[in-house]
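Chemist: here's my sequence, what's the structure:
(one chain, ligands or ions: 1)
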Amino acid sequence: MALPIAHAAAGYLVHRAVRRVPDRDRSPAGAWRRAAVFMVIGNLPDFDFLIGFACGRPGLIHRGVSHTILAAAAFGVLAGIVARRRGGEAVMPTALAGAAAYASHLLLDWLTSDARPPEGAQFLWPFSDAYYIAPVALFREIRIDGLTREGFVGSVLGWPTVLVLAREAVLVLGAVALWRAAEAAYARRALAALRPRAGSEDAA
Ligand SMILES: [Zn+2]
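Modeler: Model (predicted):
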């Protein structure tokens, strides 16, 4: 599995990509709240660990139905229903944004190495039972002990996890910085296109 920082960054990038979807609260504080919600959604599929943890075996249902496009679509429908009830939000765009933020988790897990067979997960279930994993891994796996609560906590807090986390932080912070730089360049170009060209009025 990729770690929460990478999934949060992916959720943040989806938030930036869909930030023009109408929302009730367009204030700066509202934008940060919305970004935080997207970062949580990016991590949501791994909350399946909590159910397993409560049952005494953290890995019990990990990477099961929570890591499928069916779950992403169901979450999108749920986001649309919530938007409809709240009012003042565009229902379909909100549903699609929610599904995209959820699906960003599946994309990152697909890009993460997995040494334990079967490698990857059944991301396309129920349309396919096959396990999928990217031919080239962008993120390194951390070995989570899903058999016991003690083993789980020990593997999450261990030094190997810290090292993977550090590498991941560099990768995702670089991706976010690139995205923001591209946004700024696009905004500058759009602004320049709106300005009248120097001397154009004299020529007219
Ligand atoms: Zn996951």
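Chemist: any idea which helix is longest in this protein?
Modeler: Longest helix in the chain by number of residues (criterion: DSSP state H): helix 159-194.
Chemist: now for that one, which elements pack on it?
Modeler: When contacts are defined as 3 or more Cβ pairs under 8 Å, 6 or more residues apart in numbering; DSSP states H and E, helix 159-194 sits against helix 4-17. Yep, even glycine has a C-beta here, placed from its N, CA and C like the rest.
Chemist: for the record, mean pLDDT for the helix it packs on?
Modeler: Mean pLDDT, computed over helix 4-17, is 93.
Chemist: if we ignore the residues flanking it in sequence, what's nearest A175?
Modeler: Leaving aside its sequence neighbours, A175 sits nearest to A9 (Cβ to Cβ, 6 or more residues apart in numbering; 6.6 Å).
Chemist: tell me the spacing between the one you found and the ion.
Modeler: 14 Å (Cβ to the ion, to the nearest Å).
Chemist: in the longest helix of the chain, what counts as buried?
Modeler: T161, V164, L165, E168, L171, V172 (16 or more other Cβ atoms under 10 Å).
Chemist: got the angle between it and helix 4-17?
Modeler: Angle between the axes of helix 159-194 and helix 4-17 is 10 degrees (criterion: axes from the mean of the first three to the mean of the last three Cα atoms, to 10 degrees).
Chemist: so how far is helix 159-194 off the chain centroid?
Modeler: Distance, stretch centre to chain centre, for helix 159-194: 14 Å (Cα atoms, centre = their mean, to the nearest Å).
Chemist: now do stretch 22-34
Modeler: 19 Å.
Chemist: repeat that for stretch 95-104.
Modeler: Taking the mean of its C-alpha atoms, stretch 95-104 sits 8 Å from the chain's own mean (Cα atoms, centre = their mean).
Chemist: with stretch 86-106 instead?
Modeler: Distance, centroid of stretch 86-106 to centroid of chain: 12 Å (Cα atoms, centre = their mean).
Chemist: and that stretch, which residues are buried?
Modeler: Buried residues in stretch 86-106 (16+ other Cβ under 10 Å): 89, 91, 93-106.
Chemist: close to the ion, is it?
Modeler: No. Stretch 86-106 stays clear of the ion (Cβ under 5 Å from the ion), getting no nearer than 5.7 Å.
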